[in-house]
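Enquirer: I need the structure of the sequence given here:
(2 chains)
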Amino acid sequence: MRVLAPIVVVLALVLSACGGSAPSSDGSVAVALQFPPRAGYAFDADDGALLTKLGVAEPLVALDRQGNPVPGLATAWVQEGASWRFTLREGVTFHDGAPLDANAVVTALSYVLGRPAPPRAITDIGLQVAAEGPTTVRATTTTPDPVLPLRLSSGTTSILSPAAYATGQQPSPVDTATGPLRMTEIRGTEGATLERNDGYWGERAASARVDVRYVTDPQTRELALRSGDVGFTEGLPETSRAGLAADPAVTLHEFPSARTILLQLNQSAPPFADLRVRQALTAALDRNVLANQVLGGSALPAADLFGPAVPYGATQAPPAADVAGAQALLAQAGFGPANPLRVRLWTFPNRPELPVLAQAIASQLQAAGVVTEITVGQYDAQEPEVLAGRYDMFLNSRSYLSDYPDAASTLSSDYTCGGSYAIDQYCSPAFDALVAQLGTVTDPAARAELYRQAAGQLTADAVGVPIVHPRNTAAEQGVTGFVPDPLDLRPVLPVLAPAG
Amino acid sequence: MTGLVLRRLALIPLVLLVASAVVFCLPRLLGGNVTRSVIRARSLASAPDPAAEARLAAELGLDRPLRDQYLAWLSGAVRGDLGRSFTTRAAVGPEVVEAAGVSATLAVLGLAVALAVAVPTGVLAADRPGGVGDRAVDRVGAMALAVPEFVVGPVLVLLVAVWAGWLPAIGWGSPAQAVLPVVTLAFFPAALAARLVRAETRVALAHPSTTTAVAKGLSRRRVLAVHVLPRSLTAVLAEAGPFLAGTLGGAVVVEVVFGIPGLGSLLADAIGSRDLPTVQAGLVVVIAVALVLTLATEVAGRALNPRLR
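Expert: Numbers count the residues shown, from 1 in each chain, chains lettered A, B, ... in the order given. Got it, this is the predicted structure:
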C-alpha cells in the first residue's frame, strides 16, 4: 500500500496533464459531428453539402433562414427564357489565392455535371454552363427552370479553385474553397482541421480554429460533450434529452427536421386500392401517442407530408385516433371481426426508430381489428418489391427536401403517375396537374401555396399516413452562437465561438 | 519444425486465393443492385436513376462478367494494388493498412495489458487458494466476463473522462487517448487469461518436478518463476491466437465507442455502403492475419512444449 499510494498520485497527475478540453483561450472550438464524409468530400456525393455546413465551401447562391435564395458567390441573377444569367461577386479569392471568375465557376460546375451520377439538385434538367465575360455565367436548362437559383444553392454545386480540378483526381477542398473557414487538414473519416479565412468576403468566422471530429455513435458524442472533449455536438441520444436539458452547463437545442416518417400504402392492389381502407388506417392511428410516447418526444406528430421545418408545412397536431370510425370504414369495405383485414407491414432497421414504430403501429391497428404481420428487412432487398407494388404497407423515412429548399422533385418522384419513387403507386391526373404548375412558378409565396394544396390533396386521398417528423438536436457546452437550421442546408460552424 | 513451417507457409497463399474468390464473389452473388447501393451510399438519393446507375457501373467495371472482374482484381492484388474504393475513389490498400494498423495497435496493447494483469494474478491465485488473488479472479473475473465492451467503455468514460476529467473521452493519436480504449479492451481477455493461468498453475504446482524443486529447498519465488510459470505460459501462449482474434473482435466495438478509425469501423462502413473493394481488401487482410497468427501460435506452442513436437 505504501508503494501503491505514490503511484496512484503520480498517475493521477500525469492523466490530469494529458486530458483535453474543448474551448480554449486562443479562440478555437472542437465539435463532434454525426455524419462523416461519405466519399472523401466528393462534390457529386452529399459531401458537398457537408462542406457548406462546415463553412468551407460555398455555392453561387446562399440561403436565408427561411430558405430563400440570397447573394452568395453570385450577387444577382436574372432569368432569360431557358437560361439564367448569374453575376459573380467581385474581389473573392479562393483559399489558395486564386481569384473567383466565370471560368472557375464553369470549371467547377462542368466537373460535377460530368460525373456518372451528378448531384440530385442539377440532374435531369439538361444544365449547361458557359462564361459570358469575367464575372458573368450563363446557366441554360432544357426547359425554363423557375428554381435554378435554389438548385445552385446546393452545397453539391460549390465552387473550388481551378487548381483543385487540374489534378485529374477527385478535387480536394484543402485550401481550395472560398468559405469563412478554410480546411487545412483532412483526417479521413475521423476529422478535419479548419482555420479562419481572414480574407473572407463576408462576415468572418467567430473562431480562429475549429477541430472537427466525426463521431457516429450518439452516446459517444454526448460523452465527448460532457467530458469537454468537444464544445458542440448534434444528434444526441433520445434518452439523454432530459438530462442535457436540465444541465445548466449545457445549452440544448431541439428543432424540427425536413423529414417525415410515412406509412406508405400500396394503392395498386387490394386492400389499399379502396380509399375507405386507407382512411380507416389513418383514423386508427394515434400519431400524437406515437410521437410523444413511443418516441418519447424525439419527433413531432405529423398531420401532413410537410412539417414545421418549412413555411408551408402543417403546424397543427393530427387528430386523435378514431377507432370506432376506423371500424365503421372497414365494415363498409367488407372487413370485420369475422373477416378481419390482414396486412403485411415492411420496414428496415437502418433508422432504429422504424422497427419500434412498426410495433406500435401494429398494436394500434389491432385495436381497430386489423391484423398486421411485421417484417423488418434490408432496405436494398425491399426497395425493388415496393417500387413494383408487391407489398401492402411500408414504413419509410423520407426527406422532402433534397439538397436545396424546394419540394417539387419529391412531389414529382413520389406522387405523380409513373414517378421514379412512387412507392404508394398513387396516380391522380389532378395531382399531376398541380405539380406541373410548379414548373412555371417562380414566386416563393405562390410555390408555397401550391405545396399546401398538394399536401392537402395527398391527405384527402389518404395517400399513406404521415406518422411523425423527427426532430434534430444539438448541444453546446462552453461554446455559443449555434443557430438551428431545420433545413440543414446553411453553414453551421462559422458562427460557433468559445463562450466568454 | 522447419518442415512444418514451410508446409504451412506454402498453404497460406492457397488459402488466401480461395478466400479471396469467396470474399469477391459472395457479395456480388447475394443479389441487390450494387451500383444503386453505391449511389445511395454517396448521397441520400432515394429515387432510382437507371441512366446514372449504368454510367457508374461502367466506371466501376461492374458491367463486366464476374470472372473478368475477379481476374482483374486478382491481377492487381498480386501486384499490391487492391483497387479503389467505390465510394471515395481512393486506393483501398493504404486505407486498409492504416486502419488495420490502428486496430492491431489497439488489440496488441489491450492483450499486453490483459496479460500483464492476468499472469501475476493467476499465479498468485493458484499459489494461495482462497486468498485475495483467488477471490479476485473468481468475482472480478466473473463480472469482467459478463460485462461487454459497449458497457465497460461508456462507464469508464463517465468515471474517468466526464467526472474526473483526467482523460479525453474520444479520439485516437495520443497516449492519453489510448488509455481508456486499451483498458476497456483488456477487461475480457484479462479475466479469461487469469482463470486459464490459475488453472494451469495449479496443474504445474502439482507436477512431480515442482515437488522435487520444493524438496531441494528452492525458494517459493524461484519455484514459481522457474518451474511453474513457463508451464502456465505455455498454455496461455497456445491460446494467444484465439485471444488476439477475440481482442480484435472486441476492438470493433471499442472503435465505435471511442470514435477510433480502425479496421472494424472501416469494414462496418464499407459493408453498409456496399463498398466492395474496401470489404474485399479488409477481409483478405483479416484472413491473412488470422492465418499468420495461427501458424505463429502453433510454432510457439511446439517450441515451448516438447511433447507437441
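
Enquirer: Which positions in the stretch 51-200 of chain B make contact with chain A?
Expert: Proximity of the stretch 51-200 of chain B to chain A, by CB under 8 Å from any CB of the partner chain, involves residues B:52-53, B:55-56, B:58-59, B:85, B:87-90, B:95, B:98, B:154, B:157-158, B:160-162, B:165-172, B:174-176, B:179. For glycine as for every other residue, the C-beta is placed from the backbone atoms N, C-alpha and C.

Enquirer: Buried among those residues? Need that as a selection in PyMOL.
Expert: Once 16 or more other CB atoms under 10 Å in any protein chain shown is used to decide burial, the buried members of those can be selected in PyMOL as follows:
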select buried, chain B and resi 52+53+55+56+85+87+88+89+90+95+154+157+160+161+162+165+166+167+168+169+170+171+172+176+179
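
Enquirer: which residues of the stretch 201-309 of chain B score low on pLDDT?
Expert: B:304-309 (pLDDT under 70).

Enquirer: Within range of chain A, give me the residues from it.
Expert: Taking CB under 8 Å from any CB as the criterion, the neighbours of chain A within the stretch 201-309 of chain B are B:256, B:257, B:258, B:259, B:261, B:265, B:269, B:273, B:274.

Enquirer: repeat that with 6 Å
Expert: B:256, B:257, B:259, B:261 (CB under 6 Å from any CB of the partner chain).

Enquirer: Give me the pLDDT value at the closest residue to the last one other than its chain neighbours.
Expert: Beyond its immediate neighbours in the sequence, the residue positioned closest to residue B:261 (CB to CB, 6 or more residues apart in numbering or on different chains) is residue A:190, lying 4.3 Å away. Residue A:190 is assigned a predicted lDDT (pLDDT) of 88.

Enquirer: thought residue A:190 was touching residue B:262?
Expert: No: under the criterion of CB atoms under 6 Å, residue A:190 is not in contact with residue B:262, lying 10.1 Å apart.

Enquirer: quick one, which of the two is more surrounded?
Expert: Neighbours of residue A:190 and residue B:262, each counted by other CB atoms under 10 Å in any protein chain shown, are more numerous for residue B:262; the result is 26 against 20.

Enquirer: what helix or strand is the residue nearest to that one when sequence neighbours are not counted on?
Expert: For residue B:262, ignoring the flanking residues on the chain, the nearest one in space by CB to CB, 6+ apart is residue B:103 at 3.8 Å. In this structure, residue B:103 is located in helix B:92-127 according to DSSP states H and E.

Enquirer: tell me how far the ends of stretch A:398-408 are from each other?
Expert: Start to finish, the residues bounding stretch A:398-408 are 14 Å apart (CA to CA, to the nearest Å).

Enquirer: just the helices in the stretch 401-500 of chain A please.
Expert: Here the stretch 401-500 of chain A has its helices, by DSSP state H, counting those that start in this stretch, at A:408-415, A:429-437, A:444-460.

Enquirer: nope, the stretch 101-250 of chain B is what I was after
Expert: The residue ranges that make up the helices of the stretch 101-250 of chain B, judged by DSSP H, counting those that start in this stretch, are B:132-146, B:149-156, B:175-205, B:208-215, B:220-222, B:229-238, B:240-258.

Enquirer: now for those, which one comes closest to residue A:93?
Expert: Among those, helix B:175-205 comes nearest to residue A:93, with 36.8 Å by CB to CB.

Enquirer: Give me the helices and strands touching that closest one, please.
Expert: Secondary structure elements in contact with helix B:175-205, counted by 3 or more CB pairs under 6 Å, 6 or more residues apart in numbering or on different chains; DSSP states H and E, are helix B:92-127, helix B:132-146, helix B:149-156, helix B:229-238, helix B:240-258.

Enquirer: Give me the packing partners of the next helix or strand along the chain from the last one, helices and strands only.
Expert: What that stands for is helix B:240-258. Helices and strands here follow DSSP H and E; after helix B:240-258, the next one along the chain is helix B:263-272. Contacting helix B:263-272 under the criterion 3+ CB pairs under 6 Å, 6+ apart are the following elements: helix B:92-127, helix B:240-258, helix B:276-304.

Enquirer: Return the set of buried residues in helix B:263-272.
Expert: Burial within helix B:263-272, assessed by neighbour count using 16+ other CB under 10 Å, is assigned to B:263, B:264, B:265, B:266, B:267, B:269, B:270.

Enquirer: contacts for that helix?
Expert: If you take CB atoms under 6 Å, 6 or more residues apart in numbering or on different chains as the criterion, helix B:263-272 is touched by B:99, B:100, B:103, B:251, B:252, B:255, B:278, B:279, B:282.
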